[in-house]
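S.K.: Provided below are the primary sequence and the corresponding predicted coordinates.
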Amino acid sequence: MQITSSSNERIKHARRVREGRESGLIFIEGLRLAEEAMNSGLIIESCFSTPTEDQRTTALLSQLNDHGIPIYLTLPGILESLGDTVQTQGVILIAQRPHLVAVDFFQPRGTLFLALDRVQDPGNMGTLLRTAEAAEAAGVMTLGGSVDVFSPKVLRSSMGSAFRLPVLTQITPASLMALKIEHQMQLVAAAGEGALGYTDYDWSQPTILLLGNEGRGVDPEIMAQCDALLRIPMAPEVESLNVATAGAVMLFEAARQRRK
């Protein structure tokens with residue numbers, strides 16, 4: 001089926017998904033992300049693509065077709081108007097939103113997790129997801145007030161990590177504490193006033209690393225319940241680091257210690 005009008009109902013529906021107005025569905029744009037989505041086992045609802053002779057795109061479309069997923073050929077101008085990027089790569093997927101519950105999140109049990117308290121910048125969120133996967137964290141938890149992990153901008157920034165890494169979203173401070181106790185983990189927060197340097201912490205023990213909002217840091221009530229507050233020593237002229245940078249520094253120190 002070919003779509004030749006931007007007022008087509010399927011295009012309107014896909015636009016609502018892109019804008020986050022269709023609960024339960026996510027908008028995936030670009031060839032590489034589409035390939036990652038297929039390889040990760042996401043449930044794909046539909047595909048929009050422009051006619052192409054590109055071998056990778058053709059292979060992806062063939063794979064989608066073999067799985068019985070509807071493919072709608074779309075005029076280039078219509079696909080560009082639908083896309084969330086300046087220049088679309090010719091492929092957009094609509095997929096079901098991954099849904100994970102806590103009992104599955106901790107199975108098989110990991111010993112290093114990342115928790116994010118109201119991280120709101122899509123670039124920071126995507127970078128933290130990618131970094132957590134690279135540092136071999138077992139999963140990521142996001143507290144209420146954080147940017148949607150599966151929004152188009154976060155997905156692009158995470159480069160597919162959001163599909164591969166277990167992610168538990170919209171958890172409350174109370175449920176974070178309950179999970180910490182249930183799974184016998186240390187909860188440590190990145191804090192400029194932390195009493196312990198991040199390299200002095202024993203990252204070999206089961207740990208949840210908590211990072212806070214870009215401007216306000218970790219909620220004080222949650223911070224008061226942490227087992228340790230960790231600081232990154234810096235030149236006195238520098239007040240703080242970007243949250244994604246701070247996360248990378250600590251996660252890779254954890255990975256270094258764990259490799260030993």
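M.R.: Yes, it's here.
S.K.: Return the helix or strand in the protein with minimum mean pLDDT.
M.R.: One helix or strand of the chain scores below all others by mean pLDDT, DSSP states H and E: helix 102-105, with a mean of 78.
S.K.: Pull out the buried positions in that helix.
M.R.: Within helix 102-105, the residues that qualify as buried are F105, counting by 16 or more other CB atoms under 10 Å. Backbone N, C-alpha and C define where each C-beta goes, glycine included.
S.K.: Likewise for stretch 11-21?
M.R.: The neighbour-count check on stretch 11-21 (16+ other CB under 10 Å) flags I11, H13, A14, R15, V17, R18 as buried.
S.K.: Out of the residues you listed, which comes closest to L64?
M.R.: Nearest to L64 among those: A14, at 15.2 Å, using CB to CB.
S.K.: Just to check, that closest one is in contact with L93?
M.R.: No - A14 is not in contact with L93 according to CB atoms under 8 Å; the separation is 9.5 Å.
S.K.: anything in contact with each of those two?
M.R.: Here A14 and L93 have F27, S46, F48 as joint contacts, going by CB atoms under 8 Å, 6 or more residues apart in numbering.
S.K.: Which members of the residues you listed occur in strands, if any?
M.R.: In this view, those that belong to strands under DSSP state E are F27, S46, F48.
S.K.: residues contacting the nearest residue to the first one once chain neighbours are set aside?
M.R.: Meaning F27. Nearest non-adjacent residue to F27, counting by CB to CB, 6 or more residues apart in numbering: R18, 4.2 Å away. R18 makes contacts with F27, L82, D84, P152, as judged by CB under 8 Å, 6+ apart.
S.K.: so what's the second one up against?
M.R.: The neighbourhood of L82, defined by CB under 8 Å, 6+ apart, consists of S6, I11, A14, R15, R18, F48, T74, T88, I92.
S.K.: Would you mind giving the residues you listed as TSV with distance to F163 added?
M.R.: What follows is the contacts of L82, written out as TSV (distance: CB to CB, whole Å):
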residue	distance to F163
S6	28
I11	24
A14	19
R15	22
R18	17
F48	19
T74	24
T88	19
I92	16
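S.K.: domain ranges for the protein?
M.R.: If you go by automatic domain parsing, the domain ranges for the chain are 2-96, 102-259.
S.K.: And the shared contacts of A14 and L93, which is closest to G197?
M.R.: F27 (41.7 Å).
S.K.: Report the beta-bridge partners for the closest one.
M.R.: Using DSSP bridges, the bridge partners assigned to F27 are I94.
S.K.: Local confidence estimate at it?
M.R.: According to the prediction, F27 has pLDDT 98.
S.K.: Report the separation between V149 and S157.
M.R.: 11 Å (CB to CB, to the nearest Å).
S.K.: what is in contact with those two at once?
M.R.: In contact with both V149 and S157: M125, L129, using CB under 8 Å, 6+ apart.
S.K.: Compare the two (neighbour count), which wins?
M.R.: Set V149 next to S157 and count neighbours by other CB atoms under 10 Å: V149 wins out with 27 against 21.
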